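[1] Need the 3D shape of this:
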Amino acid sequence: METSTKGLCVVCNKAAGLYVCQKCQQSFCKKHVTEHNLELAKQMDDVCNTHDLLQQEINEKSVTSNQHPLMMQINEWENECVKKIRNEAEKARKELEQHLTSNKKLITRELETISSQLKRYKETDDYSEKDLVSWKQALKKLKAQLLTPPCIRLEKINDQQWIQRLKITSVTLDSTDKFEKKHGSIEILEDGFVAQKSTQSADSEVRGFKKYTTGFHKISLKIEKMKDNLWIFCGIISQNTVMQNSSYWSTSAYGWAKNPTQVFLNGKNNLGYNNYDADIVENDIIHLTLNCDNRMIELENDRTKKKYSIPIDLNNCPFPWQLHVNLYSSNDRIRILK
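    Below you'll find the predicted structure:
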């Protein structure tokens, strides 16, 4: 603290501010400078405690990683797969039991025939060495048929959709994308982070400046204004597609619109595609994930936690992709979150 003869104390606004805090450049009287220093010390202790707790949590996570939410998702996936396998195994056992029962009945009938022959020939003592060989071969055949029924086969079906594999990926959070190009009555504001419609209600297109060709990219958007929660479009479009007001009809346009459950695939409207229910409203934060490697985009609503995905046909929407938004109602406004 330095002494000062200028101004009043910022706390009581009465006594002379004799001391200037070098950290906040505010003046304090003798009484309140002590309180100010104590408050700064308390805040430092709070910061240190927060640091220590975070360090402790990090250390514990290294030991108890099984409690991590993502690890719990893997455990849940494992349990679902095991349950599915057990159900299929039980179903297969029941089917096999039915076939084995039928096979056993067939063998029993044939064995009864041989039993009748043995009893009759033994009583009359009218059998030859050839008959004995024939009965031995028949019994050997029936025994093999009992253990390994020739009419029953166990086949493994190669069904890739039966159990989905897990793949751990790292998603790039693209806070650097900004709105760059526009078409129609729309403005780009705040250094490219905001797009806002004019007072005129009509379709207008705006695109980001980044070009996406590989990897995973997540762009977070906030719907700051959507008049009557009527309509907005968010998705992607191929860079080489000519800009136009109703850009969502372009053959390379893929994405989701509000009201009524519009999902656009290569510029064609597919209502309710993949169970999309248009759950987007004003002030919602939505996350648009571009999975270039798997040719897919995903939309997640931060409020409802609902997720939707769309496969991308590169014949219709070739790389590079760009962030693609279309606004309609007057003063509608969307922001790219940093």
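
[2] Okay, domains of this protein per the record?
    For the chain, automatic domain parsing gives the domain ranges 2-63, 69-147, 172-336.

[3] which residues are contacting the strand ranked longest in the chain?
    As assigned by DSSP state E, the longest strand anywhere in the chain is strand 216-225. Where contact means C-beta atoms under 8 Å, 6 or more residues apart in numbering, the residues beyond strand 216-225 that reach it are 169-175, 177, 194, 196, 208, 232, 234, 280-293, 302, 323, 325, 331-337. (Glycine included, C-beta is placed from N, CA and C.)

[4] Minimum distance to Glu155: which of the domains of the chain has it?
    Smallest distance to Glu155 across the domains of the chain (C-beta to C-beta): 10.5 Å, for domain 69-147.

[5] residue contacts, the residue lying closest to Asn316 once chain neighbours are set aside?
    Among residues not flanking Asn316 along the chain, Asn266 sits closest, at 3.8 Å (C-beta to C-beta, 6 or more residues apart in numbering). Taking C-beta under 8 Å, 6+ apart, we find Asn266 in contact with Thr251, Ser252, Ala253, Tyr254, Asp313, Asn316, Cys317.

[6] Show the buried residues in those.
    Among the contacts of Asn266, the ones that count as buried by 16 or more other C-beta atoms under 10 Å are Ser252, Ala253, Tyr254, Asn316, Cys317.

[7] buried sites along the host helix or strand of Gln43?
    Element membership for Gln43 (DSSP states H and E) is helix 30-63. Residues of helix 30-63 classed as buried by neighbour count (16+ other C-beta under 10 Å): His32, Val33, His36.

[8] Would you mind listing the residues in contact with the last one?
    Residues near His36 by C-beta under 8 Å, 6+ apart: Val11, Cys21, Phe28.

[9] let's see it at 6 Å
    Counting by C-beta atoms under 6 Å, 6 or more residues apart in numbering, His36 touches Phe28.

[10] From Gln26, how far off is it?
    For His36, the distance to Gln26 (C-beta to C-beta, to the nearest Å) stands at 8 Å.

[11] ok, now Asn301?
    Per C-beta to C-beta, Asn301 is found 44 Å from Gln26.

[12] Likewise for Gln137?
    Taken as C-beta to C-beta, the span from Gln137 to Gln26 is 109 Å.

[13] and if you look at Thr213?
    From Thr213 to Gln26 the distance is 52 Å (C-beta to C-beta).

[14] re the thing from before, let me have the buried ones among the contacts of Asn266 in TSV, extended by distance to Arg109 and pLDDT.
    Below are the buried ones among the contacts of Asn266 laid out as TSV (distance: C-beta to C-beta, whole Å; pLDDT from 0 to 100):
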residue	distance to Arg109	pLDDT
Ser252	69	97
Ala253	69	98
Tyr254	64	98
Asn316	64	96
Cys317	66	97
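
[15] among those, which are in strands?
    Tyr254.

[16] Let me have the buried ones among the contacts of Asn266 in CSV, extended by distance to Cys48.
    Putting those into CSV (distance: C-beta to C-beta, whole Å) gives the following:
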residue, distance to Cys48
Ser252, 54
Ala253, 52
Tyr254, 49
Asn316, 56
Cys317, 52
